[in-house]
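1. Dropping the sequence and predicted coords here.
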Amino acid sequence: MRLIIVNQFFYPDISATSQLITDLAEDLVKYGAQVTVVSSRRGYLGGDVWFPREENYRGVHVQRVNSTGFGKRSIIGRLTDYLSFYIMCAFRLSRIPRHDAVLVFTTPPLIAFLCRLICRMRRMKLVYSVQDLYPHVAVATGMMQRSAPITLLWERMARIALTGADHVVVLGECMLRRVAQEGVSSDRMSIIPNWSDDTNLAPLPEEQNWFWQKYGLAGKFVVQYSGNMGLCHEFDTVLSAIKALVAEKDILFLFIGHGERRREIQGFCDREKLPNVRLLDYQAREELLYSLNACSTSLITLRNGMEGLILPSKFYGILATGKPILYIGPKGCDIAGILTEFQCGFTVMPGDVEGLIQAIRRLRDHPDLCAQMGKRGREVLLTRFTRQKSTSKYHCLLMQVTGRGRSLSQRPNSR
């Protein structure tokens with residue numbers, strides 16, 4: 001099977017989608033596929049970084065296209081990055097030798113629409129892996145008006161990509177239902193969850209982890225948020241809890257990452273003169289074993305209305321490190337269901353500051369409960385969300401779509 005994977009970011013970029021697709025491409029090569037990745041030469045954070053135009057990475061043929069590199073600093077800059085990538089990617093995909101299939105993700109938005117057009121013209125199969133459901137995310141965050149002409153046009157293009165794909169991959173049951181509302185039939189959808197590498201990311205005792213000492217975390221009950229601090233995520237509840245817990249000197253909040261709301265978080269902490277907060281930059285993938293283990297419990301947050309639109313990839317890394325999860329978000333999300341079913345964390349509704357405070361205190365005051373929840377979370381990862389389980393599902397699906405495996409005749413499931 002000859003496969004093209006299209007996504008804006010790939011190794012050595014630090015973004016979550018880059019790490020995910022790098023894992024997938026590596027494993028598909030091991031399973032016998034010939035894989036070409038088309039991505040950007042610029043990085044997720046922008047700046048002056050330029051990746052090689054072409055290289056062979058662990059058997060993956062990587063072709064990178066030129067694009068602007070404004071990164072996440074502004075909406076205009078990000079849109080410019082998207083547009084330049086669309087243009088250069090279209091040119092590259094029209095010239096690249098014909099493959100059996102294209103596997104496209106959702107970075108940047110609308111790249112699947114472009115791939116659908118090219119696959120139709122060049123008679124290649126298209127598999128669309130939905131990581132974020134746009135423009136619904138933009139509407140839910142208030143970035144776009146639901147009735148605006150540009151939104152309606154975007155919805156139309158997104159629907160064409162979804163209904164025109166030979167197969168659509170979603171992350172969970174909630175997203176499956178949302179995508180079905182766009183007109184995609186159940187026989188053309190499969191649930192393949194994202195994952196964490198359970199071999200390289202595992203629980204690490206504090207005494208073996210230099211991160212605790214380097215950043216002044218030793219002796220603290222650390223509540224960590226690691227990843228994108230974007231508009232999809234809920235921080236008002238967290239910030240109110242930080243302020244309320246300032247007198248409890250043993251509790252420290254650690255934020256790692258970037259995003260549209262980082263400046264807001266930093267500004268709040270500066271104005272309130274909160275000593276119980278640390279903010280760090282993104283950590284290299286090689287450091288994630290240490291950074292994700294440098295906490296007592298980990299936060300995942302989602303704004304109301306985001307259920308079925310995104311599923312934060314940080315969820316799987318937290319499970320891998322065996323940390324109890326504090327999830328702040330709508331109860332209809334798949335994460336809330338897993339936490340309830342397997343008792344590996346707490347769900348708090350957005351705005352329930354007292355509920356979050358009580359959950360933090362309960363974990364701090366009951367180390368055994370903290371350890372038990374973390375252990376159960378690790379077990380959930382090993383049984384449902386390992387790299388090998390998910391990448392092998394992608395391989396089987398791609399073989400079926402390209403006519404090299406058994407036909408897709410069963411209803412999708414998450415197991």
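-> Sure thing, it's come through. Numbering: from 1, shown residues only.
2. To what extent is residue 17 buried, counted in neighbours?
-> The local packing of residue 17 (other C-beta atoms under 10 Å) involves 22 other residues. From N, CA and C alone the C-beta is placed, and that goes for glycine too.
3. Which residues lie in contact with it in this structure?
-> Residues near residue 17 by C-beta atoms under 8 Å, 6 or more residues apart in numbering: 7-9, 105, 107, 131, 313.
4. mind checking pLDDT for it?
-> Listed pLDDT for residue 17 reads 94.
5. would it count as being in a helix?
-> Yes: Residue 17 forms part of a helix when assessed by DSSP: H, G, I helix; E, B strand; the rest coil.
6. Where do the strands of the stretch 101-250 of the chain begin and end?
-> Using DSSP state E, counting those that start in this stretch, the strands of the stretch 101-250 of the chain run over 101-104, 125-129, 167-170, 189-191, 221-226.
7. circling back to that earlier point, what's the most distant pair in the contacts of residue 17?
-> Pairwise distances across these peak at 15.3 Å for 8 and 313 (criterion: C-beta to C-beta).
8. show me what contacts residue 103?
-> Going by C-beta under 8 Å, 6+ apart, residue 103 touches 3-6, 127, 129, 394, 398.
9. What sits closest to the residue nearest to the spatial centre of the chain if chain neighbours are left out?
-> Closest to where the C-alpha atoms of the chain average out (C-alpha atoms, centre = their mean) is residue 313, at 3.4 Å. Among residues not flanking residue 313 along the chain, residue 16 sits closest, at 4.4 Å (C-beta to C-beta, 6 or more residues apart in numbering).
10. how about the contacts of residue 17 in TSV, adding distance to residue 375?
-> Listed next are the contacts of residue 17 as TSV, based on distance: C-beta to C-beta, whole Å:
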residue	distance to residue 375
7	34
8	37
9	33
105	32
107	33
131	29
313	22
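11. can you map out the helices along the stretch 101-250 of the chain?
-> Ranges of helices in the stretch 101-250 of the chain, per DSSP state H, counting those that start in this stretch, are 111-122, 136-140, 149-164, 173-180, 210-214, 236-244.
12. So for residue 284, which of those sits nearest?
-> Residue 284 sits nearest to helix 210-214 of all the helices of the stretch 101-250 of the chain, at 12.4 Å, using C-beta to C-beta.
13. For stretch 43-60, output the C-alpha coordinates as PDB.
-> What follows is stretch 43-60, C-alpha atoms only, in PDB (Å, rounded to 0.1, in the frame of the first residue of the first chain):
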ATOM      1  CA  GLY A  43       6.800  25.000  13.000                       C
ATOM      2  CA  TYR A  44       3.700  25.200  15.200                       C
ATOM      3  CA  LEU A  45       5.100  28.100  17.300                       C
ATOM      4  CA  GLY A  46       6.300  30.000  14.300                       C
ATOM      5  CA  GLY A  47       9.600  31.900  14.500                       C
ATOM      6  CA  ASP A  48      12.700  31.400  12.300                       C
ATOM      7  CA  VAL A  49      12.700  27.600  12.300                       C
ATOM      8  CA  TRP A  50      12.900  25.900   8.900                       C
ATOM      9  CA  PHE A  51      12.800  22.200   8.600                       C
ATOM     10  CA  PRO A  52      14.500  20.300   5.700                       C
ATOM     11  CA  ARG A  53      12.600  20.400   2.500                       C
ATOM     12  CA  GLU A  54      12.900  16.600   2.000                       C
ATOM     13  CA  GLU A  55      14.200  13.800   4.100                       C
ATOM     14  CA  ASN A  56      13.800  10.100   5.000                       C
ATOM     15  CA  TYR A  57      12.800   9.800   8.600                       C
ATOM     16  CA  ARG A  58      12.800   6.200   9.800                       C
ATOM     17  CA  GLY A  59      11.500   4.900   6.500                       C
ATOM     18  CA  VAL A  60       9.000   7.700   6.000                       C
END
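14. which residues sit against that stretch?
-> Stretch 43-60 is contacted by residues 9, 11-15, 18, 22, 25-26, 29-30, 35-37, 40-42, 61-64, 69-73, 77, 81, 258, 282 when judged by C-beta under 8 Å, 6+ apart.
15. Could you rerun that using 6 Å?
-> 9, 11, 13, 15, 25-26, 29, 35, 37, 41, 62-64, 69-71 (C-beta atoms under 6 Å, 6 or more residues apart in numbering).
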